[in-house]
Structures are given as structure tokens and as C-alpha cells.
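Quick one, what's the 3D model for this:
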Amino acid sequence: MKRILIFTLLLSFINLFSQKNIKVYHEKKGDTLVLYADNLEIYPMSFVFSGMPELENMKAPEAFKQIQVMPAKSVKNKVTYFMINDKTKKWAVKKMPGYEMYVGDVTLEKYDSDYQYILPFAKGKSFTVNQGYNGLFSHQNENSLDFTMPEGTEIVAAREGLVTDVVKHNNTGCAKKSCADQANYITILHSDGSFAQYYHLKQNGVKVNVGDRVNKGDVIGLSGNTGWSKGPHLHFICYLPRLEGQKFRKPLKTLFRIGDGSKIEYLVEKRTYSKEY
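The predicted structure is shown next:
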């Protein structure tokens, strides 16, 4: 009875976690039951529990962490462990709390705020920032940038990193929020744990694959007009993952090299920027 109760509860817990590249499992050694997690994704995953475990005739020697970050491509990360108090009596993990999973490290506070991004288009080109930080159309309370540019313009990586997500099949867009989920885009993870996204790419205009490592200046896609868009443009945003806020992220302001590359500044709405480097 004791064994069935433990296994049933743990199996329910493990099934909650089931997804392609995440595995949660337990090992029992003597009086100790340990839960582990494997994260085979190419990016960190944050496990956020809704409460605390409920135990019967068991103790948790270490404080249970409600937010736990599992590194990318890591195995046997200890989630928690429990010990039986009295083996002569009934013991059980009565309840494990519910959870949510988030891409990236939601606890991250420090990042490279002085990093110098390059403009996300080719040398010799100039484009206008039609909507800047906290813009009135779709950037309210969001640090993101819209570069007006013709469809098919080459987009380059503004910073080196790892491609973690792409969407390239969409072929529609409109000026209404209802079209937001129809955008093609690329997501890139940076070395400091921040992410950048390049939005509204044309259908089949994504030139990289998940798992690719790109260098600053590499061509990664072609601009378009998909998703929530009033006209052809590139939407660029850099952010830290979060548990709250719009789209569960904290948008960041980013410094760019402009002109011949010798001047560094935050980009401003309605100004045109050239790239001569």
C-alpha cells in the first residue's frame, strides 16, 4: 500500500511535466526519495511551483524552492528530496504542487546593458524607426523598435547567439491585434541570458534553423509584413524572461552602433539611421 501510494502520486507529478525534451523521475535509496529533472532543450527552463509539497511521515531536509532553473542540455538536476521519519508507519508524498514552465531563466536580473548592438540590416542601407520605445500603436509600455523597410530586405543578427525558436510559414498580416499570432519571427538567446526577437518576416523568409549559432552580422532572414502590422517593417525587441508582465518578459533598451560605427546611442522614433560599417 505504501509503495502504490508513493508511485501513484509521483507518476501523476511526472505526467504533469511530460513534454518532448523534459523528463522528471525519481530514485529511492533506503529512506530517501529523490526527484530529478532532465532538460534536453537547448535553452534553460524555469520550473515554477504553485505551492509546497504535502508529506505524511516524511520530511524535506532542504527548503523546497518554488522557482528552479534547469540549465540547457542538463541531466539529473535535483528538484527535491524527502526522507521517511518512521519506517514502521505509513508514509507518503500526499501532494506535489502544480507548476508552470518558462523558457529561459526567470530569476535573471543582471545582463550586459552596455553591449553594443549593430543595426539589424546590411551595410550601406538606411531605415527609419517608425515606432520606438513606448510607441502609441503597439509598443505601449514596451521597449521595442520598428524599422520601416520593404519586404525582402535582408535582416542580420544584431548580436551573436543561439537560435531557439523560428516561425516561417505564415503569409498574412493586418493592422489589428487579432493578427498578432500570424507573424513569422526568429528568437535568439544571447550569452548573458537575454533574448532578441526579429518579427514580421516574410513567408519562408527565415534563413536559420533552431540550434544554429549565428555571429553578429550574419544574414538571418528577410523582412516582411506578417502578423500585427500596418505595413512592411522589422520589429526588434530584446528582453529578459519573466513570470509576469506583457508576454512574460521584461523588454530592454539596447545601445546601437550607428553611422560609421563610432557613435553609440539608443535609437529614437522617427529618426533615420544609416549603417556604414
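
low-scoring stretches of the stretch 151-277 of the chain, by residue?
In the prediction, the stretch 151-277 of the chain carries residues with pLDDT under 70 at positions 245-246.

As a check, name the ranges of all strands in it.
Listed in chain order, the strands found in the stretch 151-277 of the chain under DSSP state E, counting those that start in this stretch are 154-156, 161-167, 173-174, 184-189, 195-206, 213-214, 219-223, 227-228, 233-241, 249-252, 255-258, 263-266, 272-274.

How far off centre is the fifth one?
The gap between where strand 195-206 is centred and where its chain is centred comes out at 15 Å by C-alpha atoms, centre = their mean, to the nearest Å.

which element is the residue located most distally from the centre of the chain on?
Among residues of the chain, the one most distant from the C-alpha centroid is residue 88; the distance is 47.1 Å, by C-alpha atoms, centre = their mean. For residue 88, there is no helix or strand it lies in under DSSP states H and E.

Need the per-residue pLDDT for it.
The model reports residue 88 with a pLDDT of 92.

residues contacting it?
Residue 88 makes contact with no residue, according to C-beta atoms under 8 Å, 6 or more residues apart in numbering. Placement of C-beta: from N, CA and C, glycine included.

if we can go back for a sec, mind checking which of the strands of the stretch 151-277 of the chain is nearest residue 129?
Judged by C-beta to C-beta, the one of the strands of the stretch 151-277 of the chain that comes nearest to residue 129 is strand 272-274, at 6.9 Å.

Just tell me which of the strands of the stretch 151-277 of the chain ends up closest to residue 59.
The minimum distance between residue 59 and those falls on strand 233-241, with 33.0 Å, by C-beta to C-beta.

can you pull the contacts of the residue most central in space within the chain?
For the chain, residue 103 is the residue whose C-alpha lies nearest the centre (C-alpha atoms, centre = their mean; 4.3 Å). Contact analysis of residue 103 by C-beta under 8 Å, 6+ apart lists 41, 43, 44, 45, 46, 164, 165, 241.

Residue 168 versus the nearest residue to the first one once chain neighbours are set aside, what's the distance?
On the basis of C-beta to C-beta, 6 or more residues apart in numbering, the spatially nearest residue to residue 41 that is not a chain neighbour turns out to be residue 21, at 4.8 Å. Residue 21 sits 21 Å away from residue 168, taking C-beta to C-beta, to the nearest Å as the criterion.

where does the stretch 1-150 of the chain have low pLDDT?
Segments of the stretch 1-150 of the chain classed as low confidence (criterion: pLDDT under 70) are 1-20, 134-140.

Spell out the residue ranges of the helices in it.
2-17 (DSSP state H, counting those that start in this stretch).

And the strands in it, which stretches?
Ranges of strands within the stretch 1-150 of the chain are 22-29, 32-39, 45-49, 54-56, 58-59, 67-70, 74-84, 92-95, 99-103, 116-118, 126-131, 144-148, based on DSSP E, counting those that start in this stretch.

Among those strands, which comes closest to residue 256?
Each of the strands of the stretch 1-150 of the chain has some distance to residue 256 by C-beta to C-beta; the shortest is strand 116-118, at 5.0 Å.

Report the buried residues of that closest one.
117, 118 (16 or more other C-beta atoms under 10 Å).

For it, name the packing helices and strands.
Other elements packing on strand 116-118 under the criterion 3 or more C-beta pairs under 8 Å, 6 or more residues apart in numbering; DSSP states H and E are strand 255-258.

The strand it packs on pairs with which strands, and in what direction?
Sheet neighbours of strand 255-258, with direction, are listed as strand 116-118 (parallel), strand 263-266 (antiparallel) (DSSP bridges).

about what we covered before: torsion angles phi and psi at the residue farthest from the centre of the chain?
Listed backbone geometry of residue 88 is phi -80, psi -10, with angles given as degrees, to the nearest 10.

Domain-wise, how is this protein divided?
Described in terms of the TED database, the domain architecture of the chain consists of the residue ranges 22-103, 117-275.

Pairing partners for the nearest residue to residue 202 once chain neighbours are set aside in the sheet, please.
Leaving aside its sequence neighbours, residue 202 sits nearest to residue 224 (C-beta to C-beta, 6+ apart; 3.0 Å). Note on residue 224: beta-bridge partners residue 233, judged by DSSP bridges.
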